[in-house]
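Peer 1: Need coordinates for the below:
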Amino acid sequence: MSIEVKNLLKEYGEQKAVNNISFKVDKGEIVGFLGPNGAGKSTSMKIITGYLQPGDGEVFVCGKNVQDDPMETKKKIGYLAESNALYYDMYVKEYLSFVAEIHAIQNQKSKIKNVIDTVGLQVEARKKIGQLSKGYKQRVGLAAALIHDPEVLILDEPTSGLDPNQIVEIREVIKQQGKDKTVLFSSHILQEVEAMCDRVIIINKGEIVADDKLSNLQKTGDKQQSVTVAFKETIPADLLKNFVGVSSVKSISPSVFTIQCSNAETVKKQILQLAIDKNWNIVSLQSREQSLEDVFRNLTAGR
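Peer 2: Predicted coordinates:
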């Protein structure tokens, strides 16, 4: 188990920033860690990396207790913080050399070149960090997190400040790293999470409200799914309203309907059976499961 969090608690006065949370992340997993602002994401990540001490509970990284063996666990972690504190007066290569020195890395020149190529910093590599755009500063932070080839990556808003093309490039970097590392990352760009993750953990007000494969989360919850069906013939909408699991039917035209329901697959089967029984022709039949945004809002809005 690369990351194991057990009954983690962190309080600031009377506020429980992290309230008794537990989860595990295995090697080869890229897990999205989501939540509204102030939900406890960054606090949890800082505790996992050893930057903050928990009030209670334990965190293990690659089998080692972070509190008992902080130096060894930090060697195994690459961390990109949300604030991404950098030395703006240092040149990119100079800064990466400084980080490599801290990690006592051998063959520093080749390691620095490789990580610059990996994150796409070649064009900006000879500039001072303070001269870079926000997006390239993010790349410097990611390069620093990767330079010692860690087993675990903790990335807090890694695509913050990147333009759409840069986001795609960094997404590919993270996906490649996730093949043989453990990656836990947070992002407010939910489309990025959908593109990179099979599994999502959602935290709200310090508590985990969801931890499952993305595909499972999209099929469950209170949020309604929808089915759009187009017939060749004109049909009465009342027949569709009688289906099991249907909450409403909207008529787009006398032959096209959008159906809100609890289970799209069940409704689609009923539509197909109705068409067979009535000898009607279906022109199209489409369903839409919840997006990650639907799931996120359903689990966190107003709670």
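
Peer 1: Would you map the strands across this protein?
Peer 2: Using DSSP state E, the strands of the chain run over residues 3-12, 15-25, 30-34, 56-61, 64-65, 77-80, 152-156, 182-186, 199-204, 207-213, 225-231, 246-253, 256-261, 282-288.

Peer 1: To Ala145, which of those strands lies closest?
Peer 2: Taking Cβ to Cβ, strand 77-80 is the member of those nearest to Ala145, at 3.6 Å. For glycine as for every other residue, the C-beta is placed from the backbone atoms N, C-alpha and C.

Peer 1: The closest one pairs with which strands, and in what direction?
Peer 2: Here strand 77-80 is paired, per DSSP bridges, with strand 152-156 (parallel).

Peer 1: hang on, the earlier thing: quick one: the strands of the chain as CSV, columns for mean pLDDT and distance to Lys134 too.
Peer 2: Formatted as CSV, those follow (pLDDT from 0 to 100; distance: least, Cβ to Cβ, whole Å):
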stretch, mean pLDDT, distance to Lys134
strand 3-12, 95, 28
strand 15-25, 95, 27
strand 30-34, 95, 22
strand 56-61, 96, 29
strand 64-65, 94, 34
strand 77-80, 95, 14
strand 152-156, 95, 15
strand 182-186, 95, 17
strand 199-204, 95, 26
strand 207-213, 93, 31
strand 225-231, 91, 38
strand 246-253, 92, 43
strand 256-261, 91, 41
strand 282-288, 89, 35
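
Peer 1: So Lys160 sits against Glu82, correct?
Peer 2: Careful, residue 160 is Ser and not Lys. Yes. Shown here, Ser160 and Glu82 form a contact pair, counting by Cβ atoms under 8 Å, at 7.4 Å.

Peer 1: Show me which of the two is the more surrounded one.
Peer 2: The residue with more neighbours, out of Ser160 and Glu82, is Ser160; 18 against 15, by other Cβ atoms under 10 Å.

Peer 1: ok, back up a step: next, format the strands of the chain as JSON lines and append mean neighbour count and distance to Val115.
Peer 2: Below are the strands of the chain laid out as JSON lines (neighbours: other Cβ atoms under 10 Å; distance: least, Cβ to Cβ, whole Å):
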{"stretch": "strand 3-12", "mean neighbour count": "18", "distance to Val115": "23"}
{"stretch": "strand 15-25", "mean neighbour count": "18", "distance to Val115": "23"}
{"stretch": "strand 30-34", "mean neighbour count": "24", "distance to Val115": "19"}
{"stretch": "strand 56-61", "mean neighbour count": "19", "distance to Val115": "21"}
{"stretch": "strand 64-65", "mean neighbour count": "16", "distance to Val115": "25"}
{"stretch": "strand 77-80", "mean neighbour count": "22", "distance to Val115": "10"}
{"stretch": "strand 152-156", "mean neighbour count": "24", "distance to Val115": "13"}
{"stretch": "strand 182-186", "mean neighbour count": "25", "distance to Val115": "16"}
{"stretch": "strand 199-204", "mean neighbour count": "22", "distance to Val115": "27"}
{"stretch": "strand 207-213", "mean neighbour count": "17", "distance to Val115": "31"}
{"stretch": "strand 225-231", "mean neighbour count": "20", "distance to Val115": "44"}
{"stretch": "strand 246-253", "mean neighbour count": "13", "distance to Val115": "52"}
{"stretch": "strand 256-261", "mean neighbour count": "19", "distance to Val115": "49"}
{"stretch": "strand 282-288", "mean neighbour count": "13", "distance to Val115": "41"}
